[in-house]
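*Asks:* need a structure here:
(one chain, ligands or ions: 3)
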Amino acid sequence: MSTTVDKIREIEAEMAKTQKNKATSYHLGQLKAKLAKLRRELVTPSGGGGGGAGIGFDVARTGSASVGFIGFPSVGKSTLMSKLTGTHSEAAAYEFTTLTTVPGCVMYNGAKIQMLDLPGIIQGAKDGKGRGKQVIAVAKTCHLIFIVLDVLKPLTDKRIIENELEGFGIRINKQPPNIIFKKKDKGGISVTNTVPLTHIEPEEVKAVLSEYKIANADIAFRCDATIDDLIDILEAKSRRYIPVVYVLNKIDSISIEELDLLYRVPNAVPISSEHMWNVDELLEMMWEKLNLRRIYTKPKGQQPDYSAPVVLKGGQYTVEDFCKSIHKSILEVFKYAIVYGRSVKHQPQRVGLSHELMDEDIVTLVKR
Ligand SMILES: Nc1nc2c(ncn2[C@@H]2O[C@H](COP(=O)(O)OP(=O)(O)OP(=O)(O)O)[C@@H](O)[C@H]2O)c(=O)[nH]1
Ligand SMILES: [K+]
Ligand SMILES: [Mg+2]
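*Replies:* Ligands and ions are numbered 1, 2, ... in the order given. The predicted structure follows:
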């Protein structure tokens, strides 16, 4: 019996030898959908429980957000982790020094950020090579991923690692595609689009829906999507959209001219973890990518509490999100909030639950 990995290989081989044109678009759509389903099968942990990364890989989560370190062996992940957090993670000149998740933390702008040093991965990790599956499973639960690369061969490694993460359902520095999908009980398939679709053939859409056994649905394309984007929407449960910073390590081993070239890589920060060169810029980019918003609470008639902000993240920035992150029950007695800061025109201003808060706003909750 052929394994899931074998089946994936077969489909990939067939896709490679199938020319892309109108006549083959149904067939290619079918293959892509099959591939997506097999990939999900491969990365979903079997034997119930679900989601667990395995012994030594799951660690207690602390802090306001977590950053996972992904990279090939010996690119300097543990060196960086130890220097940034002060938590020792064994570093050495041989590959696979780190064998489990090693947690540490940094305080930055008043927020506690958890850093997860991880074992190195190798090409084929997503198909079960080495401990890649467990490692990437941890990264998939992080709010930000540092892809650590050796400056001596950053670009080929970058592509391989991106490919591994993609295969695991991680979408890097990307928003979910703007496609509205509604399953129905009857009425067949209705496809509409608000922008011209230059990448998709109607036949491909048909093939994908049939492969997913969807006979009744409304699909509204609001972006010039690809067929992979549609599959991402159908596979939404197993997709994670995670920001990435490319950490180009060991710049102490290259020339200034080579360094100049590296500055053209988007979302990248060249550093030397050994010498702590340019680590400030890395932390700045980390902060920007995490997009955290610190909210200071101010009890009525008192000074704001600047020592322990409530930290909002992941696009959940409303007053309602703020209340929920303190305690669910607050919503039951909520009347309005008084806000000082960048999110309001008047200082202070009275706002309701749907108001979006900005970083460093000061909030007083008024109860009914
Ligand atoms: N020249 C130079 N060497 C570095 C730098 N950072 C780390 N190294 C060296 O690279 C080697 C590997 O470092 P580690 O921190 O163990 O790398 P790792 O990515 O954690 O490796 P694994 O855990 O095996 O995957 C060690 O010999 C480090 O001293 C750097 O900035 N410059
Ligand atoms: K190492
Ligand atoms: Mg290590």
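*Asks:* and the spatially most central residue of the chain, what does it touch?
*Replies:* Residue closest to the mean C-alpha point of the chain, counted by C-alpha atoms, centre = their mean, is Ile242 at 1.3 Å. Going by C-beta atoms under 8 Å, 6 or more residues apart in numbering, Ile242 touches 139-140, 142-145, 170-172. For the C-beta atoms, the positions are set from N, CA and C on the backbone; glycine is no exception.
*Asks:* Now render those as TSV, adding secondary structure and pLDDT.
*Replies:* As requested, the contacts of Ile242 are exported to TSV (DSSP: H, G, I helix; E, B strand; the rest coil; pLDDT from 0 to 100):
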residue	secondary structure	pLDDT
Ala139	helix	96
Lys140	coil	95
Cys142	coil	96
His143	coil	97
Leu144	strand	98
Ile145	strand	98
Ile170	strand	97
Arg171	strand	98
Ile172	strand	97
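*Asks:* wait, which of those is closest to Ser253?
*Replies:* Minimum distance to Ser253 across the contacts of Ile242 is 23.9 Å, recorded for Ile145 (C-beta to C-beta).
*Asks:* and the closest one, how far is that from ligand 2?
*Replies:* Remark: distance between Ile145 and ligand 2 (C-beta to the ion, to the nearest Å) = 19 Å.
*Asks:* Test my guess that that residue contacts Tyr246.
*Replies:* No - Ile145 is beyond contact range of Tyr246, at 9.7 Å (criterion: C-beta atoms under 8 Å).
*Asks:* quick one, which of these two is more surrounded?
*Replies:* Of the pair Ile145 and Tyr246, Ile145 is the one with more neighbours under other C-beta atoms under 10 Å, namely 30 against 27.
*Asks:* What's opposite the more buried one in the beta bridge?
*Replies:* Note on Ile145: beta-bridge partners by DSSP bridges are Gly68, Val244.
*Asks:* which ones are touching it?
*Replies:* Counted by C-beta under 8 Å, 6+ apart, Ile145 has contacts 67-70, 139, 165, 170, 172, 242-245.
*Asks:* Tabulate the CA atom coordinates of stretch 177-187 in CSV.
*Replies:* What follows is stretch 177-187, C-alpha atoms only, in CSV (Å, rounded to 0.1, in the frame of the first residue of the first chain):
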residue,chain,number,x,y,z
PRO,A,177,-7.5,35.7,0.5
ASN,A,178,-10.6,37.9,0.1
ILE,A,179,-13.0,35.2,-1.0
ILE,A,180,-16.4,34.8,0.7
PHE,A,181,-17.5,31.2,0.8
LYS,A,182,-20.9,30.2,2.0
LYS,A,183,-22.1,26.6,2.0
LYS,A,184,-25.8,26.0,1.4
ASP,A,185,-28.3,23.2,1.5
LYS,A,186,-29.5,23.6,-2.0
GLY,A,187,-29.5,25.8,-5.1
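*Asks:* Contacts for it, please.
*Replies:* The contact list for stretch 177-187 (C-beta under 8 Å, 6+ apart) reads 214, 216-223, 225, 229-230, 232-234.
*Asks:* make it 7 Å
*Replies:* 214, 216-223, 225, 229-230, 232-233 (C-beta atoms under 7 Å, 6 or more residues apart in numbering).
*Asks:* Can you tell me which of those is nearest Glu90?
*Replies:* For the contacts of stretch 177-187, the nearest to Glu90 is Asp232 (37.5 Å; C-beta to C-beta).
*Asks:* before we move on, what SS does that closest one have?
*Replies:* Recorded secondary structure, Asp232: helix (DSSP: H, G, I helix; E, B strand; the rest coil).
*Asks:* got it, and Val191?
*Replies:* strand.
*Asks:* Surely it and Val205 touch.
*Replies:* Yes - counting by C-beta atoms under 7 Å, Val191 touches Val205, with 6.2 Å between them.
*Asks:* Of the contacts of Ile242 - the most surrounded one?
*Replies:* Ile145 (30 neighbours).
*Asks:* Give me the distance between that residue and Val205.
*Replies:* 31 Å (C-beta to C-beta, to the nearest Å).
*Asks:* Tell me how many other residues crowd Ile256.
*Replies:* Residues within reach of Ile256, counting by other C-beta under 10 Å, total 7.
*Asks:* How about the contacts made by it?
*Replies:* Contacts of Ile256 by C-beta under 7 Å, 6+ apart: none found.
*Asks:* Over to the residue of the chain positioned farthest from its centre: give its phi and psi.
*Replies:* Relative to the C-alpha centroid of the chain, counting by C-alpha atoms, centre = their mean, Gly301 is the outermost residue, at 40.6 Å. Dihedral pair for Gly301: phi 80, psi 0, per degrees, to the nearest 10.
*Asks:* Sounds good, over and out.
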